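**Student:** I'll drop the sequence and a predicted model, then ask my questions.
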Amino acid sequence: MTNSIPPFGPTPTALATSVGSAIPERVAALTGISDALVAAAPPLDQVMPAFLAFARGGVLIAHNAPFDVGFLTAACQACGLPWPDFPVVDTVELARWALREDEVPNCKLSTLAAFFGARTTPQHRALADALATADVLLGLCDFRRGLRAVVRV
């Protein structure tokens, strides 16, 4: 499945960063991201201010949000920046609330993306997973009209 990059905000490449340590083998195997791939990326202390400026005033949407927010808050701390405490919508929690066990076997991003017919297949890569998460959120909003009162898209 293919998608074009949305015409707003920084590109994923602009937000790529090097955290200054080797990428563990199991992470490289899962994501396809290698040390060589991020070797020329800017350091975290240059990327985080750009990310925070991009996200300012927004709501963060994530699948398994505590995982992502944990990394973002740690990145802010490493850069000496305060975490802005963004409002966060977690599609895992929404799916657990909206879907019954007989509708989906689990709330993995790949399972929900297939269930809702997402236009992008999750690949453990930022852009593909973000696009799939957006489709899952929209699917959840359409699937259970009650979510429209909880999440305004």
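**Tutor:** Yep, it's here.
**Student:** Could I get the buried residue list for stretch 101-115?
**Tutor:** 104, 107, 109-113, 115 (16 or more other CB atoms under 10 Å). Any C-beta I mention is one placed from the backbone N, CA and C, and that applies to glycine too.
**Student:** Can you give me the end-to-end span of that stretch?
**Tutor:** 13 Å (CA to CA, to the nearest Å).
**Student:** Let's test this: mean pLDDT of it, rounded?
**Tutor:** Mean per-residue pLDDT for stretch 101-115: 95.
**Student:** so where's the protein shaky on pLDDT?
**Tutor:** For the chain, the stretches flagged by pLDDT under 70 are 1-21, 143-153.
**Student:** need the helices for it, in chain order.
**Tutor:** Under the criterion DSSP state H, helices of the chain are mapped to 12-15, 25-31, 35-38, 44-55, 65-78, 91-98, 109-116, 126-143, 147-150.
**Student:** just the angle between the longest one and helix 109-116, please?
**Tutor:** With axes from the mean of the first three to the mean of the last three CA atoms, to 10 degrees defining the directions, helix 126-143 sits at 50 degrees from helix 109-116.
**Student:** start at 20 instead
**Tutor:** New numbering, starting at 20: the last item is helix 145-162.
**Student:** Restrict helix 145-162 to CA atoms and write it as CSV.
**Tutor:** Output of helix 145-162 as CSV, limited to C-alpha atoms (Å, rounded to 0.1, in the frame of the first residue of the first chain):
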residue,chain,number,x,y,z
ALA,A,145,7.2,6.2,12.0
LEU,A,146,5.4,7.4,8.8
ALA,A,147,3.7,4.1,7.9
ASP,A,148,2.6,3.5,11.5
ALA,A,149,1.4,7.1,11.9
LEU,A,150,-0.7,6.9,8.7
ALA,A,151,-2.1,3.5,9.8
THR,A,152,-2.9,4.9,13.3
ALA,A,153,-4.8,7.8,11.7
ASP,A,154,-6.9,5.4,9.6
VAL,A,155,-7.6,3.3,12.8
LEU,A,156,-8.7,6.4,14.6
LEU,A,157,-11.0,7.4,11.8
GLY,A,158,-12.3,3.8,11.6
LEU,A,159,-13.0,3.8,15.3
CYS,A,160,-14.8,7.1,15.0
ASP,A,161,-17.0,5.8,12.2
PHE,A,162,-17.4,2.3,13.8
